[in-house]
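this one's sequence-less:
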């Protein structure tokens, strides 16, 4: 089974599941986050302009986490499994760079670069991004809020 899917992915691209003969059952629409590339038969099969990442705020595609649960197994003394680490450290490296490496000039450039793309996003996405950045540095969050306000005025 692996060789077939791998060959299809190689020949047809990430959208090989959209080709009719590769669909799981007749008349069942394939719903995934693959976009663009080979194998797209029509624009409607290309996710209708939806995002290609999960989780997102725009899509109703829900994943049933109970299905397809992977089995755990041991390698030497270690237990191998997928773990959802709620206490993951996602900000300390960015904090270090912001506080100890970047000069004032680079801080201005970074804030301007983030806002250059974030300004076109929905307001709730902007606020969510700024709240996330606040965990790196309240100073960076403040800069983003100021630049986003200025971008709205223009």
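Nice, thanks for sending it over. Owing to the predicted nature of the structure, the values given are computational and were not obtained by experimental measurement.

and this protein, what are its domains?
Following automatic domain parsing, one finds the domains of the chain at 2-49, 92-153.

lowest-confidence stretch among these?
Among these, domain 2-49 carries the lowest mean pLDDT, at a mean of 66.

okay, now residue 81: neighbour count?
By other C-beta atoms under 10 Å, the residues close to residue 81 number 11. Quick note: C-beta positions are derived from backbone N, CA and C, even for glycine.

What of residue 129?
The number of residues packed near residue 129 is 18, by other C-beta under 10 Å.

And for residue 150?
A count of nearby residues for residue 150, using other C-beta under 10 Å, gives 11.

With residue 122 instead?
10.

Now it: closest residue in space that isn't a chain neighbour?
In this structure, residue 122 finds its nearest non-sequential neighbour in residue 57, 7.9 Å apart by C-beta to C-beta, 6 or more residues apart in numbering.

tell me the contacts of the one you found?
By C-beta atoms under 8 Å, 6 or more residues apart in numbering, residue 57 lies in contact with 122, 124-125.

contacting residues around the helix or strand where residue 93 lies?
Per DSSP states H and E: residue 93 is located in helix 92-96. Contacts with helix 92-96, where a contact means C-beta under 8 Å, 6+ apart, come from 136-137.

And for stretch 110-117?
The contact list for stretch 110-117 (C-beta under 8 Å, 6+ apart) reads 102, 129, 133, 140, 143-144, 147-148, 151.

try 10 Å
The contact list for stretch 110-117 (C-beta atoms under 10 Å, 6 or more residues apart in numbering) reads 97-98, 102, 126, 129-130, 133, 139-151.

for it, which positions count as buried?
Neighbour-count burial for stretch 110-117 flags 110-111, 114-115 (criterion: 16 or more other C-beta atoms under 10 Å).

same thing with stretch 128-141?
Residues 129-130, 133-134, 136-137, 140-141 are the ones in stretch 128-141 that count as buried (16+ other C-beta under 10 Å).

Is it possible to get CSV of those residues that adds distance to residue 6?
CSV is the format used below for the buried residues of stretch 128-141 (distance: C-beta to C-beta, whole Å):
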residue, distance to residue 6
129, 36
130, 41
133, 39
134, 43
136, 39
137, 44
140, 43
141, 44
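
among those residues, which are in helices?
Under the assignment DSSP state H, these contribute 129-130, 133-134, 140-141 to helices.

Which members of those residues are the farthest-apart pair?
The most widely separated members of these, counting by C-beta to C-beta, are 129 and 140 (11.0 Å).
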